[in-house]
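[1] Sequence first, predicted model second:
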Protein chains: 2
Amino acid sequence: MLEKRQPIPVAEAVHRVMDYAFQAKNELVPLTQAHGRFIADAIRADQDVPAFDRSPYDGYAIRSIDSQGACSQQPVRFQVVGEIGAGYVYDSVVEKGQAVRIMTGAPIPQGCDAVVMLEITHTFEENQQKYMSIKRSIEAGTNISYKGEDVQQGTILIDKGQYINPGVMALLATFGYEQVAVYRKMVIGVIATGSELLEPGECLQPGKIRNSNAYMMMAQIERAGAEVKYFGKFSDDLELCIKIVEKALQEVDILITTGGVSVGDYDYLPAIYQAMDAKVLFNKVAMRPGSVTTVAACNDKLLFGLSGNPSACYVGFELFVRPIIRTAYCHPQPHLRREQARLGADFTKPNPFTRFVRATAYYETGQLVAVPSGFDKSSAVSSLATANAFIVLPGGSRGYEKGMSVAVLLLEDLQGSEWPWDKLEKSYR
Amino acid sequence: MLEKRQPIPVAEAVHRVMDYAFQAKNELVPLTQAHGRFIADAIRADQDVPAFDRSPYDGYAIRSIDSQGACSQQPVRFQVVGEIGAGYVYDSVVEKGQAVRIMTGAPIPQGCDAVVMLEITHTFEENQQKYMSIKRSIEAGTNISYKGEDVQQGTILIDKGQYINPGVMALLATFGYEQVAVYRKMVIGVIATGSELLEPGECLQPGKIRNSNAYMMMAQIERAGAEVKYFGKFSDDLELCIKIVEKALQEVDILITTGGVSVGDYDYLPAIYQAMDAKVLFNKVAMRPGSVTTVAACNDKLLFGLSGNPSACYVGFELFVRPIIRTAYCHPQPHLRREQARLGADFTKPNPFTRFVRATAYYETGQLVAVPSGFDKSSAVSSLATANAFIVLPGGSRGYEKGMSVAVLLLEDLQGSEWPWDKLEKSYR
């Protein structure tokens, strides 16, 4: 009954999971709903930006040559022959000594090669004719935004797989994307296991605890960019559980169970995997918390058996499920963002396994510092709420001292990392 | 017609806007929809966590005193008198020489004061009685998660105003919050102005550009945690515009217009403010881009007149609108997160006004570095997509050199800052 499990390095475990990564299908959404999605097509400029030489300010369009010699003593005057607002085109050619009143964003009239800002002009009328005068000479090209100076037609601006942020929304609108091709959201199923679990609305009973993992994971799934399908709690009947898993697998892209993966007698996920003929990729990882994390593949769909301990469950999701989701969206950096930080406090407890310590990362004059965020047993929920990073401490016989440079994984970060595991674990080739 | 405007420092402008900050109303949402909202009540522990002394591992619960003297040569045997799974309570008292098979999460039986991990036990049967033996002595308290060691009943765990992340979700579930009081989302109205604007679905025409600001701002509004109401584009008819603004103000908490705030003849937002008897808080700020940013108050509702230039519009939103939204949710750090970074490239162009330079912030071995992200005219949209920060360069007569320490405002950040403006602008008291 008691099975001896062989722990594998975290990097090897991630590697085995990522072999099953796949790409999600596309769907079109209206531009108004594109924010926060991952784009499924590169954005290509369908025009130059600006599309025409235009004025970045309110003022007067002139021929710069006409302003030569202007000074306080000898202002140069221009005859104001018209005005042109943004969105309109001035349809004559501006001649010597003439100026056109021009608004921000309006196209530069033919013949003109500079714009004088309104603030430095003086206007007056003579014989019912409008005039404008300036007291300095203006160089050619002054205050003109040239056609294509921001973006040239045909340029690829954003590659597929990028997160659509407000700036990308501006690009999409500029280049006429009324609808946007984005990756269809992955659907992630969640099943909680454990006869000790109560739902949040139930009253506490002796020996029981409320199910927190399912709700925590809903938020992790949403943060990663996917959709949740919650199937509730397993029953105590193995046959029924197998049916539930088989049915759930048909409705989701990935299925996560929490709890039930230990070597204990009551943990029958291994039995479910066996009954379903699923291939177990690993059932022990050289990490704390979460060493019992199990992943199995069934007809190309992944079944993640995460630990029932909240912190272990949290880590397991971020290390193994998140990169599968982001890879489905072609994001080039699907893993948690990895950076180096200064350890802000001693962490003396040595561990043979790689340890992921819930931490608060902050800056000291631009230097990233990370300190463990309170109570650090894998069952703790209180320190998860304040953690914004994991400190990664490779396994070994020594503890770690304040001031050492350590790797951290940033949780509330959009950017992510490419493969972040090189040299992170001593044991990994 | 040409009005002379007096620029005020950015900090003074923010200050004037923040005088109108208010608190949003509460609403109850199901726990499943709470992620990403701001909590309107402090989370209080309704129980100890753990609620009882429990086992963090699978193994055997014993009286540690019975294990004394155990070693390889002299294993100590225990009679296995029962077993207890998570969610159940063992109802007898464990006597001398007895052990109870215990699963992860199960309550420690009465009489026991330690748990032996399954992995270091040896089990066997004699005369149809189960036994377990160990080869080392166990200290009292080994492998017990004590009642209240994570959280004590009555503890305030999260203050109101905090963002609900996955860890907070776990806390809410643990403490029985089937429904959660969150701040009602602010509704932010957006109106685009400018006869040059086409919607993304329209074909390009000479002199016209597509409206990108409205879509960009939708994403900024969502990122800040509020809801968008888009009223489309202003007509060219002043009377009609006034009616639209009056009607819109009744449907939203804050109204943003983009464009139409310059000193140019065609920009009639000032006329609208006047017609509505709105109090103009300022109409010129000593900043680039966005110096023409105007804010007015009408019956305690704020009207933000942001520049029509995409970058100026972007900055204006983040500096002035975001903190109003986050303050409505009682978030203690409503402003963009401010940190110090090393300037990654020269920025030689001096400017009398405080400059917000679109930038990419990244880490070099844990040190935050920021480099301007490409083309930096206020009309540019291309560099907004890749920017994740603004470098803040106080106004003055000198440029800035690579390697200098500069303030940056982080855009894709949840944490925010308290008042970030002290000492940022030389001109500000």
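    Ah, there it is. Residues are numbered from 1 along each chain as shown, chains lettered A, B, ... in the order given.
[2] Okay, now the sheet partners of the longest strand along chain A, with direction.
    Of all segments of type strand in chain A, defined using DSSP state E, the longest is strand A:354-364. Here strand A:354-364 has these sheet partners by DSSP bridges: strand A:287-288 (parallel), strand A:367-372 (antiparallel), strand A:389-393 (antiparallel).
[3] Distance of the residue of chain A most remote from its centre relative to A:Gln79?
    Largest separation from the mean C-alpha position in chain A: A:Asn127, at 63.3 Å (Cα atoms, centre = their mean). For A:Asn127, the distance to A:Gln79 (Cβ to Cβ, to the nearest Å) stands at 11 Å. Heads up, the C-betas are built off the backbone N, CA and C, glycines and all.
[4] So which residues of the stretch 301-429 of chain A form strands?
    A:301-306, A:337-343, A:354-364, A:367-372, A:389-393, A:405-410 (DSSP state E, counting those that start in this stretch).
[5] Please convert these to TSV, extending it with mean pLDDT.
    What follows is those, written out as TSV (pLDDT from 0 to 100):
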stretch	mean pLDDT
strand A:301-306	96
strand A:337-343	95
strand A:354-364	94
strand A:367-372	95
strand A:389-393	95
strand A:405-410	94
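[6] Need those in JSON lines (columns: mean neighbour count and distance to B:Pro332).
    Formatted as JSON lines, these follow (neighbours: other Cβ atoms under 10 Å in any protein chain shown; distance: least, Cβ to Cβ, whole Å):
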{"stretch": "strand A:301-306", "mean neighbour count": "24", "distance to B:Pro332": "33"}
{"stretch": "strand A:337-343", "mean neighbour count": "21", "distance to B:Pro332": "24"}
{"stretch": "strand A:354-364", "mean neighbour count": "22", "distance to B:Pro332": "15"}
{"stretch": "strand A:367-372", "mean neighbour count": "21", "distance to B:Pro332": "20"}
{"stretch": "strand A:389-393", "mean neighbour count": "26", "distance to B:Pro332": "20"}
{"stretch": "strand A:405-410", "mean neighbour count": "20", "distance to B:Pro332": "21"}
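[7] Dump the ones you listed to TSV, plus distance to B:Pro420.
    Below are the strands of the stretch 301-429 of chain A laid out as TSV (distance: least, Cβ to Cβ, whole Å):
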stretch	distance to B:Pro420
strand A:301-306	39
strand A:337-343	22
strand A:354-364	13
strand A:367-372	18
strand A:389-393	22
strand A:405-410	21
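[8] Out of these, which is closest to A:Ala34?
    Proximity to A:Ala34 (Cβ to Cβ) singles out strand A:337-343 among those, at 23.1 Å.
[9] and that closest one, which strands flank it?
    strand A:367-372 (parallel), strand A:405-410 (antiparallel).
[10] For A:Ala70, find the nearest of those strands.
    Once the strands paired with strand A:337-343 are compared by Cβ to Cβ, strand A:367-372 is nearest, at 52.7 Å.
[11] Identify the residues contacting the closest one?
    With contact meaning Cβ atoms under 8 Å, 6 or more residues apart in numbering or on different chains, strand A:367-372 is reached by A:339-345, A:347, A:357-363, A:389, A:391, A:406, A:408, B:363, B:366-368.
[12] and if we set it to 6 Å?
    A:339, A:341-342, A:344-345, A:357, A:359-362, A:389, A:391, A:408, B:366-367 (Cβ atoms under 6 Å, 6 or more residues apart in numbering or on different chains).
[13] Please apply the same query to stretch A:131-139.
    A:60, A:64, A:67-68, A:70, A:72, A:75-78, A:80, A:99, A:114, A:116, A:121-124.
[14] Ok, stretch A:341-350 next?
    Defining contact as Cβ under 6 Å, 6+ apart, one finds that stretch A:341-350 is touched by A:368-371, A:397-402, A:404, A:406, A:408, B:366.
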